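1. Sharing a model prediction with you, sequence too.
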Amino acid sequence: MPFIGKQPEVGAYSKLDAITTSATATYNLTLDSGAYYPTSANHLLVSLNGVMQAPQDSFTVSGSTIVFASTLASTDSIDFIMALGDVLDIGTPSDGTVTSSKLAGALTTPSTLTVGGNATVSGNATVSGNMTVNTTAGQLDIEALGGGSVAVKSNGSLKISSGGGGATDLLHGTTEVLNTLSTGFSAPLGIHLGGTGTANRIDDYEVGTWTPTITGYGGGSTQAYSAQVGKYTKIGNLVIAQFRVRLSAKGNISGNYTFIGGIPFNHSGSDAGTATMSYWWSLGANHSTVQGEMGGATPNVAWVTYLSGTANNGTSYLNTSLLTNTTGFQGTMIYQIL
């Protein structure tokens, strides 16, 4: 920066030229016979008659002159004036010019710290207030390298949110094991209870409806119904299916065995489960007990059986000849699926 006169000394002490007092309060400041321009009175040490003078109170400066608070006499003696040098304005560093090696200690910011690129923390990072990490594009990765672990703790509540309505996924390695949904969460691989083996895994829960039918081993396609109501709950490989079905026309149902068809899931075969009948209507013969079994080579039906009389001497399969135009069954099936 250009100056008129002698350029100010920067960062070094200088003894200004001697001044002879007279009946005035204002005197010129010179250094090596050239005008000297101090930045302010605070940058001068002034001794008058053996007494140090207080800047601003005992004297001020204006340009290259010093003005004492009162007029001096010719008998006064300005012992010395020391210039402390001018303030060095280093300015503001240009963008992208300060490297991490220039930071000797902790970095403290009174407002917002924005990191536009990568941020690496090799030690501990402590946040006493709120910390928000925004990823407008890409993803946020938190890794524990070298076999370490990541712990997220809170003395209060802990919330993990995807914010914008997306899913929050939990991975084991690279495999997703838990996904959040707008209605809850899902576990693609199932949930293990009481152990980690296949026998301890629940991999499905489902509720729904189904349409029960009455048919026979010989078939049947022209029957009609006055009621077909079915509901089910599936937990893992166990199905609980409730039903109420009643004919309004028997049609061409035939065969030695009567079936409840249309079950929501095929059963697993022999001894897969049972069907308990709470009501039955309009059979061609009176039976004390009517029930069903899940088994045999027909995995998509329940076989209807009955117990004749009152003697518990075994069951027989219900022949379709005992069906009428208004036969009906109501009950619950509990069975395993494949």
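-> Done, it's in.

2. Tell me the spacing between residue 160 and residue 152.
-> To residue 152, residue 160 is 8 Å away according to Cβ to Cβ, to the nearest Å. Where you see a C-beta, it was placed from the backbone N, CA and C, and this is true even at glycine.

3. for residue 76, same thing?
-> Distance from residue 76 to residue 152, by Cβ to Cβ: 75 Å.

4. Just want to know which of the two has more residues nearby.
-> Higher neighbour count among residue 76 and residue 152: residue 76, with 14 against 7, using other Cβ atoms under 10 Å.

5. residue contacts, residue 254?
-> The contact partners of residue 254, by Cβ atoms under 8 Å, 6 or more residues apart in numbering, come to 216-220, 320.

6. ok, of these, which come out buried?
-> Neighbour counting with 16 or more other Cβ atoms under 10 Å marks 216-217, 220, 320 as buried within the contacts of residue 254.

7. which among the residues you listed gets closest to residue 130?
-> residue 220 (69.8 Å; Cβ to Cβ).

8. Quick one: residues contacting the nearest residue to the closest one once chain neighbours are set aside.
-> Spatial nearest neighbour of residue 220, chain neighbours left out: residue 253 (3.4 Å); criterion: Cβ to Cβ, 6 or more residues apart in numbering. Going by Cβ under 8 Å, 6+ apart, residue 253 touches 214-216, 218-220, 223, 320, 323.

9. from the residues you listed, which is closest to residue 237?
-> Looking across the contacts of residue 253 and measuring by Cβ to Cβ, the closest to residue 237 is residue 215, at 25.3 Å.

10. Number of residues surrounding the closest one?
-> Neighbours of residue 215 using other Cβ under 10 Å come to 23.

11. So which of the contacts of residue 254 are in helices?
-> Residues of the contacts of residue 254 located in helices (DSSP state H): none.

12. residue boundaries of the strands in the stretch 101-250 of the chain?
-> 169-172, 175-181, 184-186, 191-192, 201-202, 205-209, 213-216, 224-235, 238-249 (DSSP state E, counting those that start in this stretch).

13. between those strands, which one is nearest to residue 327?
-> With Cβ to Cβ as the yardstick, what comes closest out of the strands of the stretch 101-250 of the chain is strand 238-249 (5.2 Å).
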